[in-house]
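Participant: Sequence and computational prediction follow.
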Amino acid sequence: MNVPVLRVRTRRIPTPEHLLGYADAKSPIAWLRRDDGLVARGEVWRIDTFGADRFQDAQRQWRELVAAAEVHDEVAVPGSGLVAFGAFAFAASSSTPSTLIVPEYIVGTVGEVSFLTEIQVAADSPAFDDELAGDAPVTAAIPAPHPLGVPATTALHPGHVTEAAHRQAVTEAVARIRTGALAKVVIARDLVGTLTADADRRSVVERLHADYPETWTYCVDGLVGASPEMLGRVIDGAVTARVLAGTMPRHPNADADVRVGEDLLHSPKNREEHKYAIDSALASMSGMRQVATAADDLDGGLTASPEPFLLKLPNVWHLASDIRGTLPEDATVFDLIEALHPTAAVGGTPRDAAMRLIAELEGVDRGRYAGPVGWCSATGDGEWVIALRGAQITGNRVVAMAGGGIVASSDPAEEYAETMPKFRPIVTAFAERESN
Ligand SMILES: C=C(O[C@@H]1C=C(C(=O)O)C=C[C@H]1O)C(=O)O
């Protein structure tokens, strides 16, 4: 394939007040956490891949683009320079494309630094005007930020996997697990809705980021959500990941809520679910030969494996473990996420048996739900979370999915109930508001 020569320039800019103002209302691209974020607009190049080789095919095409590109990056922070945003399908059999998008503009804030990246196809445009380099005002280079329009709202209703179908699937999954065919499988269900054509999709991103600032709010090619689970982050060869499995809804009463968290921490069923997830992540990382894993003292002293810690989100408690390590010299974040996906937190144990059972019992293409979503850099760094607590918007149609890990002692009614708070972030983000 003939790849274009991309011309890329990143310059430092004053910190923008409202990053999302720079995104497109119809097809926003965003990656936000706390006060940091990358927001992008336009599409200079797109890579779509399918099937079992979707990660390696995407990586190969990305490398070709990178090799041909002329990059001038004055900033050199994670997310500056040539970057693509992407989302991968959960299953190799999915008819949904796995997509990398190279945008036209990226406006980013990383810590104290804010920057603008402009990307062009060299053959189509004159060289960057050197006089604009340095401290020229950004407004000279990108469309002015625009305020949010009519919010994107819709009620979400059960879709293909009805309540009855979900219970039946969980009951069957427990029966299969008890035969010894597998140890854990994650069963999900879907909710569907419809947006009006004029809706400003950035409202959903804004709401998720405001409500869940500790999670990673993503929006790529219509896939939008706020994920608490970091599948794999690579910055200068250093790998970090956050594994979640084991969930309880938050309790409105403060004392009862603390007890719920304690119960979760000591629940054998949830500890078992968690162990499968952390074991599968560690095994996948060690499978990448040199990834040295050390699961201690991450994130300001939080301890992790072998003992999980409690992660408290506005909607749920999770059992969590952080992992860190070092990537092999020649590997990239694509190799990492390919090795890790699907962890037992969204697939099951053993992986192949679980993937077959998911296809059989859910009977619906998960699309990009529970697949990796994030961004990659020219050097093979990047951040990819698991696409949870979100929805895929395609045209005006919205499909949200949520699920939970099933083990031998799982109860169908409890598993159905567990999906409710997992849907809450996205249901609330699409809900009508009294005032805005
Ligand atoms: C599958 C989902 O979440 C995953 C499953 C969890 C569980 O079973 O306890 C917890 C966190 C996630 O790893 C989802 O949110 O849809």
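Facilitator: Received it, and whenever you're ready, just let me know what you need.
Participant: Excluding chain neighbours, what is closest to residue 269?
Facilitator: Of all residues not flanking residue 269 in the chain, residue 409 sits nearest, at 4.8 Å (Cβ to Cβ, 6 or more residues apart in numbering). Heads up, the C-betas are built off the backbone N, CA and C, glycines and all.
Participant: ok, now which ones touch the one you found?
Facilitator: Counting by Cβ atoms under 8 Å, 6 or more residues apart in numbering, residue 409 makes contact with 268-269, 272.
Participant: Which of the residues you listed are buried? Put it as a ChimeraX command.
Facilitator: Of the contacts of residue 409, the buried ones can be selected in ChimeraX as follows, counting by 16 or more other Cβ atoms under 10 Å:
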select :269,272
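Participant: right, and out of the contacts of residue 409, which lies closest to residue 60?
Facilitator: Distance to residue 60 across these (Cβ to Cβ) is lowest for residue 272, with 38.8 Å.
Participant: And the closest one, how close does it get to residue 233?
Facilitator: 27 Å (Cβ to Cβ, to the nearest Å).
Participant: Need the per-residue pLDDT for residue 134.
Facilitator: Looking at residue 134, its pLDDT stands at 51.
Participant: Show the model's pLDDT score for the closest residue to the ligand within the stretch 1-150 of the chain.
Facilitator: Here the residue of the stretch 1-150 of the chain nearest the ligand is residue 90; by Cβ to the nearest ligand atom that distance is 10.6 Å. According to the prediction, residue 90 has pLDDT 98.
Participant: same thing with residue 357?
Facilitator: pLDDT, residue 357: 98.
Participant: Identify the residue spatially nearest to it, adjacent ones excluded.
Facilitator: Excluding the flanking residues, the one nearest residue 357 by Cβ to Cβ, 6+ apart is residue 185, at 5.1 Å.
Participant: My understanding was that that neighbour contacts residue 356; is that so?
Facilitator: No. At 9.5 Å, residue 185 does not count as touching residue 356 under the criterion of Cβ atoms under 8 Å.
Participant: quick one, which of these two is more surrounded?
Facilitator: Legend: neighbour count by other Cβ atoms under 10 Å for residue 185 and residue 356, higher for residue 185 (32 against 14).
Participant: Contacts only, for that one.
Facilitator: 173, 176-177, 347-348, 353-354, 357-358, 361, 405-406.
Participant: what's the closest non-adjacent residue to residue 334?
Facilitator: residue 59 (4.0 Å).
Participant: For the one you found, grab the count of nearby residues.
Facilitator: Applying other Cβ under 10 Å, we find 22 residues neighbouring residue 59.
Participant: From the contact counts, what lies against the helix or strand hosting it?
Facilitator: If you go by DSSP states H and E, residue 59 is part of helix 54-68. Applying 3 or more Cβ pairs under 8 Å, 6 or more residues apart in numbering; DSSP states H and E, we find helix 54-68 packed against strand 45-49, strand 98-102, helix 333-340.
Participant: Give me the helices and strands touching whatever helix or strand comes next after the second one, please.
Facilitator: Pointing back at strand 98-102 there. Following strand 98-102 in sequence order, the next helix or strand is strand 105-110 (DSSP H and E). Packing contacts for strand 105-110, counted by 3+ Cβ pairs under 8 Å, 6+ apart, involve strand 36-41, strand 113-121.
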